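1. Dropping a prediction and its sequence here:
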Amino acid sequence: MAPNNKSLVLVTGATGHLGFRTLVLALQAGYRARVVYRSESSLAKVKGAASIKPFIDDLEYAHVPDMTVDGAFDKAVKGVDFFLHIASPIFDTSEAGGEVRDWQKEFYHPALQGTVVALASALKEPNIKRVVITSSVVAVEAKNGASLAGPNDVKPLPDKETLTNFTVPAHAYVYSKVMAHRAVDDWIKEHPKAHFDVVRVLPGYIQGANELAQNTKEAAVGSNEGTFNVALGNLLSGPKPTAQIYLDDIAETHVVALDKQKVDGGKALISVANDGKGWVWDDFVPVVERLFPDEVKNGILKPHKGQEGGEVAFDVYETVKVLGHDFAGIETMVRSVVEQYLRLKGNEGTA
């Protein structure tokens, strides 16, 4: 058998929404991939996905039961050329909080330690050329009266008491991302002679069909809840994240970030649609009505205005430049998420 000369990428988070789509696009771009997984059941979903079938021969697997322990990735990084670290704890935006939660255990430690451990393991593999780390736009904010938040405008951390006593999961999630982002900054400063460089990708609120979802409940978990809430008329109290980005656009951003000829080391790339502004969720309602008139008429879909949403804006110039195209709009997001919902709902109705 002829040797496989494709570059090998280690991918964490490949059993999740963003990570899986990034894995698929990396394979399509000509990389081999080594998938990090924690459970056999989650790995089975990846192996069984239609998009993976043409690339089975380009896949390897690495079992890492706990990504926060020292040396967790030491074996997984052996022989890899690039490291895509996408895995990080997420939250359910429908959670209202109320009960006492251990944010250190639930968000802060996994996000912070998982990132530091990944970089430490990468140092032990001399073949690695670049580590790409997934951050989030929630880690940055506009500074000094600027109209746009840039990729390096990291939010300050509140005091320890505030961090410990949040009552809303989303707030703890935000600062877990801030901690991890700052930890990477510190690591880069402490390792000026590292044999690899680091690029960070900062996604907005990701919308797009999750191929690994096997029912409507799984499809609505995570950020796709935004489009689901609009299409099904679920008016939730309080503002919800906007700054939307189409799944394929942010997955492509990760893959392009591997290319040292297109993206310089040390860069941070923000991905938010509509020139970095996103949309208020009410803007999604007429799109649902126009794309799915029959389903709206018969009550399967119940789009309804009234969902609150903050308006923020981000500097996406560098990302659009390296991608070579603008980000997809509302119609693409709605079509992707709602068509999958209708297909899954139809399957559940005939089961």
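-> Sure, I can see it.
2. In its sheet, which strands sit next to the helix or strand containing residue 61, and in what direction?
-> Element membership for residue 61 (DSSP states H and E) is strand 59-63. Strand pairing for strand 59-63, determined by DSSP bridges: strand 32-37 (parallel).
3. Off-centre distance for the strand it pairs with?
-> Distance, stretch centre to chain centre, for strand 32-37: 17 Å (C-alpha atoms, centre = their mean, to the nearest Å).
4. Just the C-alphas of that strand, formatted as CSV.
-> Extracted C-alpha coordinates of strand 32-37, given in CSV (Å, rounded to 0.1, in the frame of the first residue of the first chain):
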residue,chain,number,x,y,z
ARG,A,32,-6.1,13.1,7.6
ALA,A,33,-7.6,13.3,11.1
ARG,A,34,-7.2,11.7,14.4
VAL,A,35,-10.4,12.1,16.4
VAL,A,36,-10.3,12.5,20.1
TYR,A,37,-13.2,10.8,21.9
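5. Now the element after that strand, going C-ward?
-> Criterion used, DSSP H and E; the element after strand 32-37 is helix 40-48.
6. How about that following helix, which residues are buried there?
-> 43, 45-46 (16 or more other C-beta atoms under 10 Å). C-beta here means a position set from N, CA and C on the backbone, and glycine is covered the same way.
7. okay, now residue 166: neighbour count?
-> Here the number of neighbours of residue 166 (other C-beta atoms under 10 Å) works out to 18.
8. show me the contacts for it.
-> Residue 166 is in contact with 97, 101, 103, 172, 175, counting by C-beta atoms under 8 Å, 6 or more residues apart in numbering.
9. Mind giving me the PyMOL select for the residues you listed, buried ones only?
-> With 16+ other C-beta under 10 Å as the criterion, this PyMOL line picks the buried residues out of the contacts of residue 166:
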select buried, resi 101+103+172+175
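10. what about the helices in the stretch 1-150 of the chain?
-> Taking DSSP state H, counting those that start in this stretch as the criterion, the stretch 1-150 of the chain contains helices spanning 17-28, 40-48, 103, 109-123.
11. nope, the stretch 251-351 of the chain is what I was after
-> Applying DSSP H, counting those that start in this stretch to the stretch 251-351 of the chain gives helices spanning 285-291, 293-297, 317-323, 330-350.
12. where does the protein have low pLDDT?
-> Low-confidence segments of the chain (pLDDT under 70): 1-4, 91-100, 236-239, 308-310, 350-351.
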